[in-house]
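Q: Turn this into a model:
(chains A and B)
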Amino acid sequence: MGLFALVVALRFAMVGTIKVGILFSCTGPYSSIGRDCRDGAALAFAEASEMAGEGMSFEPVYTDPEGEPRAYLEQARAMLRDGCRLIIGTITSLARKEVIPLIEKHDGLLWYICPYEGFEANENVIYTGACPNQHLMPLFEHLLPKQGRRVYLIGANYVWGWEMNRIARDLLRDAGGEVVGERCLPIEETDVDRLIADIQSRRPDFILNNMIGPSSHAFLRAYKALGDADPAFRPEVRPVVSCDLTEAEIGEIGLGLSTGHLSAASYFGTLATPENERFRARAATALGADRRLSSFVEGAYVAAHMLMDAVRSAGTDEPAAVRAAVHARLFETPHGPMRIDPRTNHAALPFHLGRIRDDGNFDIIASRPAMAADPYMTAPRDGGRSSLRVVS
Amino acid sequence: MTVIPDLVGLKAAILHRPDEGTARLVRQLGLLGLEAHVQWTPLDLEATPADIVLVDADQGWSGLLPWAGEPAPVPMVALLQSEAPGRVAWAISEGALSILPKPVVPAAVYPALVLAVAAHARAVEAAARMERLEERLRMRPLVHAAVRSIEMAAQCDEEAAYASLRRAAMKRRITIEQTAAEMLAGVIPLSEAG
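A: Predicted structure coming up:
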């Protein structure tokens, strides 16, 4: 028996520990998102290590590319050479696109957890963030009939902003809407005076905000000042609507400054389900009771658990086997059961529309059950005529 | 027969943030006999002449290339990784004639260059031909006017008048339209057509 135990121990020392790369920018312009992602993943790995001894163990390898595309490349390469075949990470599409060729070359598997602009379905990537048919399309279907069809589009000056604005233009054209203005700003640009002045003169029904980081925060603060000076620009009259603004960033903008504006997400911390109650309790213990939980915390937590579950059932971290294991089952998550479509490698996700509260959390005002991802937007559209079930 | 364009000696401008990929691209262009430079600032063909332009279509912005809305004066290759339709549309609108996928694989460089250079040559030729045809179309009323003048002067029918206009054009080795214009302007005497 002693010898057997020794052999088992040795075997585990050799193949039992699976290294997983965690590649998020926790410093730099979108660091609050990166920290939520890292913390969500860390929570899942901590839970797994508490149950160690039941099988394989996992060793997360954390790095911080600080928002630099080249650093993403170098750090991903180091991870892959260091034996991490599975990586959870990247936030911007720019970074994801940098890393994917390396992942392909080394036959690794990337878990991408952020909402993005679609038009990608790589064999070596598992997409657990929403694409436009899961965020922007249901958002417009809900909002256009209620809020109006004259929309001002603002975006970050890279593919997320450009492409989201383009899709919005298409959807508005199909729905008989109107783009009353469009601007893109660099992520770190905080001079928003001209943008605010333009919005003030064009008076859109709402503003679709596809900016991220400092420019988005500066805009929301300046828009608050505009609303204070002129009630026609208060959030209940002309809201700012985003597909990527979460609990992660509300504190950075300043509590109370973005209250009343709207966001689409597949998860909000306030989601009232037994699964989420359990997740909130665990997160409160690990991250602090006052930590607001965003779709980034939850998304990384879900991805890390899914990764570990798939590796355990595959018995290896060999990417083809892990992918097959991911496709084969339904995963329990705080936002409900989740399935990955073998055809697209994308998650089916629910849609929620949230309204920002003074405490930085969201009131969920409309929801739609999980829907399959359509990354290339090939499904026929109804021109935004269908509407959502309003839950409150 | 299709003639493969000669690339040797051409100057290439690579509009892209310098990185490992652009280094690989410069090396491969050198092997193909081109002289390449990398810049991530708006192109100025007078300051840095280029015979071919390779542009980052993932990150490129309007204003990076100086020919807004006009046909590109040199062949252009889009360096592209994104599948986003908006990015492909940007490449088309700026005049890209072929795509070189990123990360750059050396073996893909030569075919992308040849396609762009050949397509550009064909486009230039087609544009010149179209310009000639449009010119002739614009001058068509002059031909009618000249034919009528010849009919009156020579007391012949329309067919005979047109035939004599054609003879005059052939004699001078210029187009019928130009002959008609010069005849109406009095440069060529009507009697010569008769």
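Q: Wait, a helix at B:Tyr162?
A: Yes - counting by DSSP: H, G, I helix; E, B strand; the rest coil, B:Tyr162 falls inside a helix.
Q: and it, what does it touch?
A: By CB atoms under 8 Å, 6 or more residues apart in numbering or on different chains, the contact set of B:Tyr162 is B:Val147. For the C-beta atoms, the positions are set from N, CA and C on the backbone; glycine is no exception.
Q: again, only this time at 10 Å
A: Neighbouring residues of B:Tyr162 by CB atoms under 10 Å, 6 or more residues apart in numbering or on different chains: B:Val143, B:His144, B:Ala146, B:Val147, B:Ile150, B:Glu151, B:Cys156, B:Ile176, B:Ala193.
Q: Pull out the buried members of these.
A: B:Val143, B:Ala146, B:Val147, B:Ile150, B:Glu151, B:Cys156, B:Ile176, B:Ala193 (16 or more other CB atoms under 10 Å in any protein chain shown).
Q: follow-up on the earlier one: turn the contacts of B:Tyr162 into a markdown table, including pLDDT.
A: Below are these laid out as a markdown table (pLDDT from 0 to 100):
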| residue | pLDDT |
| --- | --- |
| B:Val143 | 93 |
| B:His144 | 93 |
| B:Ala146 | 93 |
| B:Val147 | 93 |
| B:Ile150 | 92 |
| B:Glu151 | 92 |
| B:Cys156 | 92 |
| B:Ile176 | 90 |
| B:Ala193 | 62 |
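Q: mind putting the residues you listed in a markdown table, secondary structure included?
A: Output for the contacts of B:Tyr162, formatted as a markdown table (three-state DSSP):
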| residue | secondary structure |
| --- | --- |
| B:Val143 | helix |
| B:His144 | helix |
| B:Ala146 | helix |
| B:Val147 | helix |
| B:Ile150 | helix |
| B:Glu151 | helix |
| B:Cys156 | coil |
| B:Ile176 | helix |
| B:Ala193 | helix |
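Q: Widest-spaced pair of these?
A: B:Cys156 and B:Ile176 (16.9 Å; CB to CB).
Q: Okay, and the residue nearest to the spatial centre of chain B sits in which element?
A: Taking CA atoms, centre = their mean, the centroid of chain B lies closest to B:Val124, which sits 2.1 Å from it. Using DSSP states H and E, B:Val124 falls within helix B:106-138.
Q: which helices and strands does that helix pack with?
A: Under the contact definition 3 or more CB pairs under 10 Å, 6 or more residues apart in numbering or on different chains; DSSP states H and E, helix B:106-138 sits against helix B:20-31, strand B:52-56, strand B:76-80, strand B:98-101, helix B:176-184.
Q: Can I get the worst-scoring helix or strand of chain B on mean pLDDT in PDB, CA atoms only?
A: Least confident helix or strand of chain B, by mean pLDDT, DSSP states H and E, is helix B:190-193 with a mean of 71. Output in PDB follows, covering the C-alpha atoms of helix B:190-193 (Å, rounded to 0.1, in the frame of the first residue of the first chain):
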ATOM      1  CA  LEU B 190     -15.100  71.200 -95.100                       C
ATOM      2  CA  SER B 191     -14.000  70.700 -98.700                       C
ATOM      3  CA  GLU B 192     -11.300  68.300 -97.600                       C
ATOM      4  CA  ALA B 193     -14.000  65.900 -96.300                       C
END
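Q: Other residues contacting that helix?
A: Contacts of helix B:190-193 (CB under 10 Å, 6+ apart): B:146-147, B:149-150, B:152-154, B:156, B:161-169, B:171-172, B:179-180, B:183-184.
Q: again, only this time at 7 Å
A: With contacts defined as CB atoms under 7 Å, 6 or more residues apart in numbering or on different chains, helix B:190-193 is touched by B:Ser149, B:Ile150, B:Ala153, B:Ser164, B:Leu165, B:Ala168, B:Met183.
Q: Looking at those residues, which is nearest chain A?
A: Set against chain A, the nearest of the contacts of helix B:190-193 by CB to the nearest CB is B:Leu165 (52.6 Å).
Q: That closest one against B:Glu151, yeah?
A: No - contact criterion CB atoms under 7 Å: B:Leu165 and B:Glu151 do not qualify, at 10.4 Å.
Q: pLDDT weak spots in chain B?
A: B:1, B:193-194 (pLDDT under 70).
Q: What residues does it have near chain A?
A: Proximity of chain B to chain A, by CB under 7 Å from any CB of the partner chain, involves residues B:Asp19, B:Asp58, B:Gln81, B:Ser82, B:Glu83, B:Ala84, B:Pro85, B:Gly86, B:Arg87, B:Pro103.
Q: Just put those residues in TSV and tack on secondary structure.
A: TSV is the format used below for those (three-state DSSP):
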residue	secondary structure
B:Asp19	coil
B:Asp58	coil
B:Gln81	coil
B:Ser82	coil
B:Glu83	coil
B:Ala84	coil
B:Pro85	helix
B:Gly86	helix
B:Arg87	helix
B:Pro103	coil
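Q: nearest to A:Ala370, of the helices and strands packed on helix B:106-138?
A: Across the helices and strands packed on helix B:106-138, A:Ala370 has its closest neighbour in strand B:76-80 (32.8 Å, CB to CB).
Q: What is that closest one packed up against?
A: For strand B:76-80, the contact count by 3 or more CB pairs under 7 Å, 6 or more residues apart in numbering or on different chains; DSSP states H and E identifies strand B:52-56, helix B:85-94, strand B:98-101, helix B:106-138 as packing neighbours.
Q: most tightly surrounded among the ones you listed?
A: Most buried of those, by mean neighbour count (mean count of other CB atoms under 10 Å in any protein chain shown): strand B:52-56, with a mean of 25.
Q: what packs against that one?
A: Short answer (3+ CB pairs under 7 Å, 6+ apart): strand B:52-56 packs on strand B:11-15, strand B:76-80, helix B:106-138.
Q: Just the angle for it relative to helix B:106-138, thanks.
A: Interaxial angle of strand B:52-56 relative to helix B:106-138 (axes from the mean of the first three to the mean of the last three CA atoms, to 10 degrees): 110 degrees.
Q: Give the pairing partners of strand B:52-56; include direction for each.
A: In the sheet, strand B:52-56 lines up against strand B:11-15 (parallel), strand B:76-80 (parallel) (DSSP bridges).
Q: which other residues reach it?
A: The contact list for strand B:52-56 (CB under 7 Å, 6+ apart) reads B:10, B:12-16, B:43, B:64-65, B:74-79, B:94, B:100, B:113, B:116-117.
Q: Could you tell me the angle between it and helix B:85-94?
A: Orientation note: strand B:52-56 sits at an angle of 160 degrees relative to helix B:85-94 (the same axes, to 10 degrees).
Q: Taking helix B:20-31 as reference, get the angle to strand B:52-56.
A: Strand B:52-56 runs at 170 degrees relative to helix B:20-31, counting by the same axes, to 10 degrees.
Q: measure the most centrally placed residue in chain A to A:Asn157 for me?
A: In chain A, the centroid-proximal residue (CA atoms, centre = their mean) is A:Cys114; its distance is 2.7 Å. Going from A:Cys114 to A:Asn157 by CB to CB, to the nearest Å gives 18 Å.
Q: what do you get for A:Arg202?
A: 20 Å.
Q: in which helix or strand would I find A:Val151?
A: Using DSSP H and E, A:Val151 sits within strand A:150-156.
Q: Now tell me what touches that strand from outside.
A: By CB under 7 Å, 6+ apart, strand A:150-156 touches A:161-162, A:164-165, A:168, A:172, A:177-185, A:187, A:195, A:199, A:202, A:204-212, A:215, A:219.
Q: List the ones among those residues that fall in strands.
A: Using DSSP state E, A:178-185, A:206-210 are the members of the contacts of strand A:150-156 that sit in strands.
Q: count of residues packed around residue 77?
A: By default, I'm working from chain A. A:Arg77 has 14 neighbours, counted by other CB atoms under 10 Å in any protein chain shown.
Q: wrong chain, I was asking about chain B
A: For B:Val77, the count of nearby residues is 24 (other CB under 10 Å).
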